[in-house]
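Colleague: Would you be able to build a 3D model of this:
(one chain, ligands or ions: 1)
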Amino acid sequence: MTNVLDFEKKKQSGSPITIVTCYDYGSARIISETSIDAVLVGDSVAMVVHGFPSTVYADVEMIACHTAAVHRGLTGKFLIADLPFLAHRKGKRYLMQSIDKLMKAGAQAVKIEGADDILDTIEYVVKSGIPVMGHLGLTPQSYHQLGGFRLQGAEEESANQIEFYAKKLEDAGVFSLVLEMVPAVLASRITNTLTVPTIGIGAGPHTSGQVLVYQDLLGLTKNFEPRFLKKYLNGFELLKIALQQFDEEVKQKRFPTDQHSY
Ligand code: KIV
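Modeller: Purely as a prediction, here's the structure:
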């Protein structure tokens with residue numbers, strides 16, 4: 001998938017959309033050889049790569065730097081970059097300078113968390129010719145206000161509010177909408193209401209597509225076992241075994257052999 005228009009086409013044809021996060025050149029080259037549709041340089045990079053406790057620590061320089069690295073390794077995939085914490089609340093000039101940096105780093109679209117009082121801002125960005133992906137439900141940049149990483153929209157009132165803002169985001173022009181950690185029944189209802197595709201993470205099977213964090217799905221993040229996550233590899237253990245083997249072979253003088261020498 002190389003084009004923003006492919007998103008709606010995929011929804012119309014009932015073909016699920018796959019997205020993974022990616023933060024570096026080498027991983028982008030691996031993803032390029034799969035049929036995964038699109039890549040997100042998420043602000044989760046602050047936690048997964050830089051070891052911060054939340055996405056609040058990501059800034060535009062961090063996201064732009066990782067976007068550029070991914071862009072250099074990625075072929076044939078649509079590339080989305082996260083607009084980091086508060087970048088859309090520091091004035092229009094700062095917002096547009098931030099988006100300028102992300103697009104020039106290679107992003108084809110930006111993802112912006114939330115709705116409510118930023119609907120006009122999102123509409124302005126869309127009208128400036130920049131595709132915007134929305135993000136509702138658990139919006140990790142509001143981690144402190146939400147009281148942690150927890151399910152959203154479990155009660156009728158909050159579910160109705162998420163559904164209301166999903167429609168508002170579509171009206172503002174988003175080309176797709178991430179729904180994070182909401183009940184499957186709510187995600188299904190929103191998916192049926194909207195024309196644009198929904199992309200779920202912890203939102204059940206009835207969204208138009210799914211997104212997972214690269215390190216999570218490869219099992220590289222130890223002791224992170226949320227219910228929504230399926231680990232497709234025990235990456236942490238496999239990498240540990242390989243590193244341990246290197247250490248042992250060098251210390252036992254079994255590497256390098258003639259085969260690896262000049
Ligand atoms: O930053 C991120 O990884 C995300 C995904 C979880 C959607 O926003």
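
Colleague: Would you mind pulling up the elements that the strand or helix carrying residue 211 packs against?
Modeller: In the assignment (DSSP states H and E), residue 211 maps to strand 209-212. If you count contacts as 3 or more C-beta pairs under 8 Å, 6 or more residues apart in numbering; DSSP states H and E, strand 209-212 packs onto strand 17-21, strand 198-201. To be clear about C-beta, it is placed using only N, CA and C from the backbone, and glycine gets the same treatment.

Colleague: Please produce a markdown table containing those, extended by distance to the ligand, mean pLDDT and mean neighbour count.
Modeller: Listed next are those as a markdown table, based on distance: least, C-beta to the nearest ligand atom, whole Å; pLDDT from 0 to 100; neighbours: other C-beta atoms under 10 Å:
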| stretch | distance to the ligand | mean pLDDT | mean neighbour count |
| --- | --- | --- | --- |
| strand 17-21 | 4 | 98 | 23 |
| strand 198-201 | 5 | 98 | 28 |
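
Colleague: need the ones you listed in TSV with distance to residue 170, can you?
Modeller: Formatted as TSV, the helices and strands packed on strand 209-212 follow (distance: least, C-beta to C-beta, whole Å):
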stretch	distance to residue 170
strand 17-21	16
strand 198-201	10
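
Colleague: in its sheet, what does the strand holding residue 211 sit against?
Modeller: Using DSSP bridges, the strands paired with strand 209-212 are strand 17-21 (parallel), strand 198-201 (parallel).

Colleague: what sits against the closest residue to the ligand within the stretch 1-150 of the chain?
Modeller: As assessed by C-beta to the nearest ligand atom, the ligand sits closest to residue 42 within the stretch 1-150 of the chain, at 2.3 Å. The contact partners of residue 42, taken as C-beta atoms under 8 Å, 6 or more residues apart in numbering, are 21, 23, 55, 82, 111, 213.

Colleague: If you rank those by neighbours, which is first?
Modeller: Scoring those on neighbours with other C-beta atoms under 10 Å, the highest-scoring entry is residue 82 at 31 neighbours.

Colleague: Next, the contact list for the nearest residue to that residue once chain neighbours are set aside, please.
Modeller: Of all residues not flanking residue 82 in the chain, residue 43 sits nearest, at 4.2 Å (C-beta to C-beta, 6 or more residues apart in numbering). Applying C-beta under 8 Å, 6+ apart to residue 43 gives the contacts 55, 58, 63, 82, 84, 85, 140, 141.

Colleague: does the closest residue in space to residue 224 that isn't next to it in sequence sit in a helix or strand, and which one?
Modeller: When the adjacent residues along the chain are set aside, residue 224 lies closest to residue 216, with 6.3 Å between them (C-beta to C-beta, 6+ apart). Using DSSP H and E, residue 216 sits within helix 214-217.

Colleague: Which secondary structure state is assigned to residue 195?
Modeller: coil (DSSP: H, G, I helix; E, B strand; the rest coil).

Colleague: what about it, neighbour count?
Modeller: 8.

Colleague: There's contact between it and residue 8 in this structure, I believe.
Modeller: Yes - using C-beta atoms under 8 Å, residue 195 is in contact with residue 8, at 6.9 Å.

Colleague: Just to check, residue 101 is in contact with residue 62?
Modeller: No - shown here, residue 101 and residue 62 do not form a contact pair, counting by C-beta under 8 Å, at 10.8 Å.
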